[in-house]
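> Following is a predicted model, sequence given first.
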Amino acid sequence: MAIDPANRAVFEKLGLELVIIDMPIGSLIQDGAMRGQALEWIGEQRAIKQRQDDRRFWAMVILTAIAAIAACIAAWPILHGA
């Protein structure tokens, strides 16, 4: 189901947290079609957040590995010189 651009604008304006909080209450998102689109939008936003978190995690793993290798290279002359 495609999300109506007007509803998407409303969801973007409210933000993810407020849309999630309003789902059980139904004060801002009231009709059935809009609620279904809100659920789909929440899923999209969570998927985007998950991809960002995954990229950040793997970037940190790679940078940590590079730092560990650099530390080993820097320590090599000291260890073999002693």
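Perfect, I can see it now. Numbering: from 1, shown residues only.
> next one: phi and psi at residue 31?
phi -80, psi 160 (degrees, to the nearest 10).
> OK, contacts around it?
With contact set as Cβ atoms under 8 Å, 6 or more residues apart in numbering, residue 31 has no partners. (C-beta placed from N, C-alpha, C; glycine too.)
> Excluding sequence neighbours, find me the nearest residue to the residue sitting nearest the centre point of the chain.
With distances taken as Cα atoms, centre = their mean, residue 49 lies nearest the centre of the chain, 1.4 Å away. Spatially, and ignoring its direct neighbours in sequence, residue 49 is nearest to residue 16 (8.0 Å; Cβ to Cβ, 6 or more residues apart in numbering).
> Distance of that neighbour relative to residue 48?
10 Å (Cβ to Cβ, to the nearest Å).
> More neighbours: which of those two?
Between residue 16 and residue 48, counted using other Cβ atoms under 10 Å, residue 16 has the larger neighbour count: 16 against 11.
> I figured the more buried one was touching residue 44, is that so?
No - using Cβ atoms under 8 Å, residue 16 is not in contact with residue 44, being 9.9 Å away.
> Would you mind measuring from residue 55 to residue 18?
Residue 55 sits 26 Å away from residue 18, going by Cβ to Cβ.
> Please say which of those two ends up with more neighbours.
residue 18 (13 against 10).
> contacting residues for the more buried one?
By Cβ under 8 Å, 6+ apart, the contact set of residue 18 is residue 28.
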